[in-house]
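Undergrad: compute the structure for the input listed below.
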Amino acid sequence: MGARQGRGWNLIQIFSDAAVSGTSFKSRPGIQALLKRCELGGTDIVLCVTIDRISRDVEHSAGILKTLNHLDIELWTVHGGGRVTDMEVGIRAVLSQELIEQIRYRTREGMKSAVRKGKAAGGLAYGYRVGQQYDAKGDRIPGMREIDTDQASIIQEIFREYANGRSPIQIAQELNRREVPGPRGYKWRDTAIRGHVNRGTGILNNESYRGRTIFNRRNFRKNPKTEKREARMNAETTWVVVDKPELRIIDDALWDRVKQRQVAVRDNYDSTTTNKLNRTHRPSYLLSGILRCAHCGGPYAISGKDRYSCTNRGKKLPLDSLDGGICTNSKTISRQELEDRVLTCIPNALWNLVNIETVITATKQSLAARQAKAGTSIPALEQKIVAKQQEQKSVLKQITDRIQANRPVIASLDDMVDELELKIRELKQELEVARSTKPINLADDVTPEVVQRVINSVMYYMREHADAETKQPFITMIRGLVQQVVIGPAENGNGVELFVHGAIVSILATMDTIKAMEAEFRTAQEYEFHNLIDKGVLDTEPKRKKFLALCAEELEGKRREWQDLQVSVVAGA
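TA: The predicted structure is shown next:
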């Protein structure tokens, strides 16, 4: 990226995303740092080799270009030798995404073919080692497996013990006591043994141990919001099943005994009525899934009588993160107390860490700017609608040309037309709102009392004063502000200490911290200023002005560094 100087460019900074998929966005530190640097100003051009270096996703490519256009920054490519247009980004992103889909499809089909030929298409499962089989040329045949006799005996023991009534936790404890190395050399965990019956994961559900290889049981899709892969079951008709009797470790009789016990355990689990915690569909609470143990980092979950406790502590299994030790955090806390302390933390942070008048002033300024912009944005919105309609016509022409030329239809182009249609509708709605916007009395509508009333109403509903359906929007909002709660014993040993980490708490605390750090930094600068005057270094007015200008520049740089501070707030303290 660079800033223009005459006919040449001045290189400001270089960004890259090594070994990170171009289909991702949030998880790419390079592109995130680039956009953050662009927002600071002083940049005219972003230069990349080709469009697919920016992104290989249609949505992400359009969003990045939209951001750069908003900042009046041009996107150039070495390949094109010039500025990139909206149309070029759209077409090239579509083709790049289509290429990735084709590669995925061909890779999957190649793996299916390998499985049908008796080869392994996945990783090395516990109980097997890489097969040492060679072809006529003396080269080792890839994808072959053979039984590891030592590990196979452990698998047989696991199956026997479970069939005889021992739980996965008890089996893992016994193996760890004997210092038997687990999968990939880690300690044994009950989850590695239990797995998931329907998904075929875990030691007890691996069909390979009965001499059957099953491939394409699941597929993985990336969640567009979290950018994390999520597993989904494929239809059984699409599975690739191959018998491999030479890889059998467990006989059918033992396998059937294990399956029968799994069914019995599940039926008993589903039919339990005395303890609601043992039902299949557990209630989803405000903080479920974001609670962590301060000692081992493991999850906190409901363990009984509506109380949260460390799951690793309950299992009493050694942890690799603790060098083989067992979690010693025995602190429990009721759900009501936990939620109440976390909810109390949020308004306290709002009122104690930020001057409410500053918030009101900023809100009024923002609303006033929106009102002022409403009238002037009408021509801009009309232009955007026309531009999007022209872009849509161009894509439709591309589709028509391909059909007339008897070329294959690209589904992504159809999707692009639909996305443009949706965007046109959104712009038309914005235009309608802008035309109907009427001035409001900001002095009457935005007051400290109104803001406090809104926050207090939210907290009231969250404290068991509403049904699940009413609370759900507020739960989503709170979980967007609080990303994690770490639970551990208090310093004096009595009670539980909670550390809340999240967007609202960190931002508000950081604002207060920055003020203190800026005051301290200014004090140090003033001391140095007077010290240099006393020493005769700053003996003229120009020297003094230059020194103060350098101080101001340094302070501005420090402010940008302080924006990245991460701050934790103790809940209830």
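
Undergrad: where do the helices of the stretch 301-450 of the chain begin and end?
TA: Counting by DSSP state H, counting those that start in this stretch, the stretch 301-450 of the chain has these helices, from start to end: 311-315, 335-353, 356-404, 411-436, 442-445, 448-462.

Undergrad: where among those is average confidence lowest?
TA: By mean pLDDT, the lowest-scoring of the helices of the stretch 301-450 of the chain turns out to be helix 442-445, with a mean of 54.

Undergrad: how close does N176 sit to P542?
TA: The span separating N176 from P542 equals 73 Å under the rule Cβ to Cβ, to the nearest Å. (Each C-beta comes from the backbone N, C-alpha and C, glycine too.)

Undergrad: more neighbours, those two?
TA: When N176 is set against P542 and neighbours are counted by other Cβ atoms under 10 Å, the residue ahead is N176, at 18 against 8.

Undergrad: so how far is stretch 204-222 off the chain centroid?
TA: Here stretch 204-222 shows a centroid-to-chain-centroid distance of 27 Å under the convention Cα atoms, centre = their mean, to the nearest Å.

Undergrad: one more: stretch 404-419?
TA: Centre to centre, stretch against its chain (Cα atoms, centre = their mean), the figure for stretch 404-419 is 31 Å.

Undergrad: what does it rub up against?
TA: Applying Cβ atoms under 8 Å, 6 or more residues apart in numbering, the contact partners of stretch 404-419 are 58-59, 90, 94-95, 97-98, 392, 395-396, 398-399, 402-403.

Undergrad: can you flag the buried ones in those residues?
TA: With neighbours counted by 16 or more other Cβ atoms under 10 Å, the contacts of stretch 404-419 contain buried members at V58, G90, V94, L95, Q97, E98, Q392, V395, Q398.

Undergrad: which elements pack onto the helix or strand containing R92?
TA: Taking DSSP states H and E as the criterion, the element that holds R92 is helix 86-116. In terms of contact count using 3 or more Cβ pairs under 8 Å, 6 or more residues apart in numbering; DSSP states H and E, helix 86-116 is assigned the packing partners helix 58-70, strand 212-215, strand 240-243, helix 356-404, helix 411-436.

Undergrad: now the first one - C-alpha only, CSV.
TA: Think helix 58-70. Listed next in CSV are the C-alpha coordinates belonging to helix 58-70 (Å, rounded to 0.1, in the frame of the first residue of the first chain):
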residue,chain,number,x,y,z
VAL,A,58,-17.3,-13.2,-3.7
GLU,A,59,-18.9,-11.6,-0.6
HIS,A,60,-15.6,-10.8,1.1
SER,A,61,-14.1,-9.3,-2.1
ALA,A,62,-17.1,-7.0,-2.6
GLY,A,63,-17.0,-6.0,1.0
ILE,A,64,-13.2,-5.2,1.0
LEU,A,65,-13.6,-3.1,-2.2
LYS,A,66,-16.6,-1.3,-0.7
THR,A,67,-14.6,-0.4,2.3
LEU,A,68,-11.7,0.9,0.2
ASN,A,69,-14.0,3.0,-1.9
HIS,A,70,-15.6,4.5,1.2
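
Undergrad: which strands and helices lie in contact with that helix?
TA: Using 3+ Cβ pairs under 8 Å, 6+ apart: helix 58-70 touches helix 29-39, strand 74-77, helix 86-116, helix 411-436.

Undergrad: can you give me the helices in the stretch 451-573 of the chain?
TA: Listed from the start of the chain, the stretch 451-573 of the chain has helices (DSSP H, counting those that start in this stretch) covering 468-481, 503-534, 541-562.

Undergrad: what's the least confident stretch among the ones you listed?
TA: If you rank those by mean pLDDT, helix 503-534 sits at the bottom with a mean of 66.
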